[in-house]
Each structure stands twice: as C-alpha cells, then as structure tokens.
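Enquirer: missing the sequence, but the structure's below:
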Ligand code: SF4
Ligand code: SF4
Ligand code: SF4
C-alpha cells in the first residue's frame with residue numbers, strides 16, 4: 001500500500017475526494033499523517049519517522065495543527081500529535097481557504113452532501129440523548145430574540161467572528177457568511193477569525209437580523225454564559241437542516257417563543273411571509289381588500305412557527321408579537 005493510500009484510509013477521505021486531494025493538502029502533509037500511523041506521537045518520534053530535523057518537523061506540525069490536519073495534547077509539558085480526519089480539515093478549509101469557492105461547483109455540492117451526512121451520523125447519539133431526556137454535555141441551541149442581544153453581549157469578554165461553515169459548504173442562499181460569533185472560553189488557539197468589540201458584534205448581529213438571518217445561542221446562556229451566537233438560515237444551517245429532517249423542533253433547538261398576530265392590524269403586505277424560513281406565514285388563496293386594493297390574504301400556520309422572532313420587526317403595522325411559551329435556564 002502506498003503512503004497516499006495509507007493516508008486516505010487513516011484520514012477517512014471519501015472516495016470521491018481522492019482524485020482531488022491536491023486541492024486540500026500537500027503530499028508532505030499526507031505523508032506526515034500516514035507516518036503518524038493512527039498513533040499519538042512525540043515530536044522526536046515524528047522527526048525520526050519523517051527523516052528530517054526538529055525545526056523542520058515542528059514547522060510542519062504547527063502548520064498542520066493550525067489547519068486541523070493533526071491534533072495535539074500536552075503530556076508532561078510536551079506536545080504529542082495525532083492525525084485528524086477529512087471532515088475536520090474540510091471544516092477549516094471551507095472557512096479559511098480563500099480559494100474554496102473556486103473549487104468546481106459539483107464537487108462542492110458533493111462535499112456538502114457528504115459533510116452533512118457525516119454531521120448527521122456524529123449528532124445521532126447526542127440527539128438520541130436529548131430526545132430521551134438524558135443529561136448531555138452541551139445544552140442545545142435556542143433562538144435569541146433581538147431584544148436580548150445587548151444582554152448577551154454585556155455578559156461576554158472576548159468575541160471572535162468566524163465564517164459560517166454551513167453557508168460556505170452549502171451555498172444554498174446568498175446570505176452573508178461572516179456571521180458566527182464565539183465567546184470567551186469557546187475561543188481556542190484554532191478559532192482564528194477576527195476579534196470584535198461588543199459594539200461591532202452588536203452591529204453585525206443587527207445587520208444579519210435585517211437580512212433575515214435567525215439568531216441561535218446556547219440555551220443555557222443566562223445561567224452558564226453565552227458561548228456563541230450563530231446567525232442562521234434554514235436552507236444551509238446544518239443544525240436546522242437536521243432538526244427539520246429529524247423533527248426535533250422543541251428539543252433541538254429548544255423553542256421558547258411563539259408568534260402571535262393581531263389580525264385587526266394586519267395589512268396583508270406579505271413582508272412576514274418573505275421573511276419566515278418555515279412558511280408559517282404564507283400567501284393564501286383567499287382575497288381581501290386593504291385600503292381599496294385587492295390583496296391575497298397572508299395566512300399564519302402556528303404549527304409551523306419555530307419562534308425565531310425575525311418576522312416581528314419586518315411587520316410595518318406592528319401586528320406581530322412574540323409570546324414566551326417556556327422559560328429556560
Ligand atoms: S449554525 Fe448557523 S451561523 Fe453557525 S455555521 Fe451554521 S448556519 Fe452558520
Ligand atoms: S412565524 Fe415563527 S418561524 Fe416564522 S419568522 Fe416568525 S417567529 Fe420565525
Ligand atoms: S408583515 Fe405584518 S402587516 Fe404584513 S402581512 Fe405580515 S403580519 Fe400582516
């Protein structure tokens with residue numbers, strides 16, 4: 001078996017990617033992963049396996065660590081390294097490789113399908129535990145009302161903006177991609193991205209709101225502190241795609257609010273129907289007359305509402321309000 005074949009096996013590279021490996025990493029990077037051989041190795045062991053010198057190997061390891069090709073752990077003051085996998089590399093590349101969008105469209109579409117499949121498999125036991133009401137190591141997401149944004153930002157110290165991997169991978173819409181905020185301890189030495197002030201973060205989320213993106217936050221942010229705000233669409237967002245596919249609305253994500261419409265105030269303008277990602281508001285068949293003009297009635301199907309709140313501000317007549325249906329952490 002060649003070293004590249006060995007890399008493909010150890011790194012869990014999907015078959016359709018093999019002819020295109022050079023788009024993602026160099027031959028030397030593949031050889032490094034192959035020679036790690038699925039083991040956790042010290043730098044001196046890797047120096048021997050790579051037939052090179054310490055500085056050269058350390059540079060290679062640093063670059064590969066940053067790129068999520070290898071992981072590292074500290075043991076007795078020294079690092080040991082071990083191989084990651086293609087799923088993790090793709091997550092890094094789609095966010096931070098400025099040439100990712102130049103990859104052939106069909107290949108990117110296949111990568112998204114593959115990546116979503118792997119994500120779904122990896123989420124299986126977490127979702128199973130949530131559905132069974134078992135304790136989980138991380139609280140599921142919930143939607144953040146824009147009115148609570150300042151309170152979230154007041155309680156964080158460090159803010160990092162990173163690109164949205166879901167939209168970079170899926171490209172199902174043209175919504176902005178510089179939209180994911182990580183906070184405090186969830187920022188690691190490999191989060192990268194750009195540090196933001198609270199003011200900049202506030203502006204960014206409000207701009208995302210205007211563009212029709214929904215805001216997701218860890219549901220225990222009030223008690224344990226916010227760890228992220230994601231600004232999401234339902235067509236690209238992996239968690240929301242999964243929740244729609246698996247029917248986990250209410251558990252993943254937790255739904256705290258429900259929309260309400262004051263029918264007397266509604267002018268059937270359709271702005272809410274344009275905004276709603278889940279077709280809870282929709283243009284119905286029946287007609288109505290508003291200020292002497294014929295219009296199709298805008299209907300509301302409460303069963304389809306996910307309580308994201310982004311329709312509220314879009315309503316020119318203030319007919320929409322959000323009612324809290326459960327209170328959490
Ligand atoms: S969860 Fe939302 S903002 Fe975060 S990466 Fe996915 S779509 Fe983007
Ligand atoms: S109707 Fe519900 S799901 Fe649709 S935008 Fe409004 S709050 Fe969100
Ligand atoms: S945006 Fe407001 S006024 Fe327009 S259809 Fe929706 S609820 Fe009615």
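Expert: Arrived safely, thanks for sending. This one's a predicted model, so the numbers in the text were calculated from it and none came from an experiment. Ligands and ions are numbered 1, 2, ... in the order given.
Enquirer: state the pLDDT value of residue 164.
Expert: In the predicted model, residue 164 carries a pLDDT score of 97.
Enquirer: try the one 10 residues further on
Expert: Per-residue confidence at residue 174 stands at 96 (pLDDT).
Enquirer: so it belongs to a helix, correct?
Expert: No: under the criterion used here (DSSP: H, G, I helix; E, B strand; the rest coil), residue 174 is coil, not part of a helix.
Enquirer: for it, give its distance to ligand 2.
Expert: With distances taken as Cβ to the nearest ligand atom, to the nearest Å, residue 174 is found 19 Å from ligand 2. Every C-beta, even on glycine, is put in place using the N, C-alpha and C of the backbone.
Enquirer: what does this structure put close to ligand 3?
Expert: Within the chain, the positions lying close to ligand 3 (Cβ under 6 Å from any ligand atom) are 261, 266-272, 281, 298, 314-315, 317, 319-320.
Enquirer: just the buried residues of those.
Expert: Burial by neighbour count, judged by 16 or more other Cβ atoms under 10 Å, picks out 261, 266-272, 281, 298, 314-315, 319-320 from those.
Enquirer: among those residues, name the ones in strands.
Expert: Among those, the members found in strands (DSSP state E) are 261, 281, 298, 320.
Enquirer: the longest helix seen in the chain: how far from the chain's middle?
Expert: Longest helix in the chain, counting residues (DSSP state H): helix 105-132. Its chain's C-alpha centre lies 12 Å from the corresponding centre of helix 105-132 when counted by Cα atoms, centre = their mean, to the nearest Å.
Enquirer: what helices or strands is the very next helix or strand once past that helix leaning on?
Expert: Following the chain from helix 105-132 toward its C-terminal end, the next helix or strand by DSSP states H and E is strand 141-143. With contacts taken as 3 or more Cβ pairs under 8 Å, 6 or more residues apart in numbering; DSSP states H and E, strand 141-143 sits against strand 214-218.
Enquirer: the strand it packs on and ligand 2 in contact?
Expert: No: looking at strand 214-218 against ligand 2 by Cβ under 6 Å from any ligand atom, there are no contacts, and the closest approach is 6.8 Å.
Enquirer: burial count for the residue nearest to residue 190 when sequence neighbours are not counted?
Expert: With Cβ to Cβ, 6 or more residues apart in numbering as the measure, residue 66 is the residue that lies nearest to residue 190, at 6.4 Å, once sequence neighbours are left out. A count of neighbours around residue 66, defined by other Cβ atoms under 10 Å, yields 14.
Enquirer: same deal with residue 131?
Expert: The number of residues packed around residue 131, counting by other Cβ under 10 Å, is 13.
Enquirer: for ligand 1, what are the nearby residues on the stretch 101-250 of the chain?
Expert: Among all residues of the stretch 101-250 of the chain, those adjacent to ligand 1 (criterion: Cβ under 6 Å from any ligand atom) are 164-167, 179-180, 230-232, 236-239.
Enquirer: all good on my end, thank you.
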